[in-house]
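A.B. asks: Model the structure of this input:
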Amino acid sequence: MSEEHIVRRTRDTLAPGRTDWHRVDGLSEAEIEAAALDDADNPPWTDEELRDAQLVMPEDRGKVPISIRMDAEVLDYFKEQGRGYQSRINAVLRAYVRSRREKYRP
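C.D. replies: Have a look, this model is predicted:
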């Protein structure tokens, strides 16, 4: 990869995020807890789940550059979510691999 394709960014040159931090800062603890309870995709953890949770750090084997063909619809979906779409695609594929390994482990 040549130097001309490398983009360097600093904290000052990053694109602004879309989070409305003024609104977030204005939420009360009760409003935050109510919103968490309403989130069916990510309910708050129980005390038991927190007690049993373990931090698992992935083995750092590095990443391998590849070229891959995928449906435009799939790529567009991940890109619509904003920066970091390649990392999200990687996370989805990693979760798939782990679930298959657990399901079909001899």
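A.B. asks: For Glu49, grab phi and psi.
C.D. replies: Dihedral angles of Glu49 (phi, psi; degrees, to the nearest 10) stand at phi -60, psi -40.
A.B. asks: measure it to Ala34 for me?
C.D. replies: Using Cβ to Cβ, to the nearest Å, Glu49 is found at 20 Å from Ala34. From N, CA and C alone the C-beta is placed, and that goes for glycine too.
A.B. asks: what does Arg11 give?
C.D. replies: Counting by Cβ to Cβ - Arg11 and Ala34 are separated by 33 Å.
A.B. asks: swap in Ala95?
C.D. replies: Here Ala95 is placed at a distance of 29 Å from Ala34 (Cβ to Cβ).
A.B. asks: Which pLDDT value goes with Glu3?
C.D. replies: Per-residue confidence at Glu3 stands at 66 (pLDDT).
A.B. asks: Now the most centrally placed residue in the chain: which helix or strand?
C.D. replies: With distances taken as Cα atoms, centre = their mean, the residue of the chain nearest its centroid is Arg88 (5.5 Å). Arg88 belongs to helix 85-103 when assigned by DSSP states H and E.
A.B. asks: So what's the gap between that helix and the chain middle?
C.D. replies: How far helix 85-103 lies from its chain's middle: 11 Å, per Cα atoms, centre = their mean, to the nearest Å.
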